[in-house]
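Novice: The following comprises the amino acid sequence and a computationally predicted model.
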Amino acid sequence: MWSSIKNVDVPKTFSEAIEYQSKSKSVLFGGGTYLVSEKNTKINNLIDINGIIDKTIEITDDSIVIGAGSTIQDIVNKLSDFPLIG
């Protein structure tokens, strides 16, 4: 992380996350690749939503639903038993 980050909030609900986000210079953090690549020094507060975002991957006969918190590795692991669709 960089020196502009002074605080990390860890909400238990989405409502709490929105309340934290009302603070100035706050940003939601769920992975964070863009935070590292951009290094926005105006951000002072991170709101870590990793514990409340959906990481579920559901597979049915005609669809795959991937939760926003799923990582690429989660997807690879879940789909590794399925043949490629051609």
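Specialist: Sure thing, it's come through.

Novice: drop to CA atoms for contacts and neighbour counts, all remaining ones
Specialist: Noted.

Novice: Residue 11 - how many residues pack around it?
Specialist: 18 (other CA atoms under 10 Å).

Novice: That one and residue 48: what is the separation?
Specialist: In this view, residue 11 and residue 48 are 7 Å apart by CA to CA, to the nearest Å.

Novice: Ok, residue 14 next?
Specialist: To residue 48, residue 14 is 11 Å away according to CA to CA.

Novice: Also residue 16?
Specialist: According to CA to CA, residue 16 and residue 48 sit 11 Å apart.

Novice: what about the two, which has more around it?
Specialist: A count of neighbours by other CA under 10 Å puts residue 48 above the other of residue 16 and residue 48, at 20 against 13.

Novice: Tell me which residues are up against stretch 17-30.
Specialist: Stretch 17-30 is contacted by residues 9-11, 42-50, 53, 69 when judged by CA atoms under 8 Å, 6 or more residues apart in numbering.

Novice: ok, now with 7 Å
Specialist: With contact meaning CA atoms under 7 Å, 6 or more residues apart in numbering, stretch 17-30 is reached by 11, 42, 43, 44, 45, 46, 47, 48, 49, 50.

Novice: Can you get me the centre-to-centre distance for that stretch and its chain?
Specialist: Remark: stretch 17-30 is offset 13 Å from the chain centroid, using CA atoms, centre = their mean, to the nearest Å.

Novice: And for stretch 53-64?
Specialist: Averaging C-alpha positions (CA atoms, centre = their mean) puts stretch 53-64 17 Å from its chain's average.
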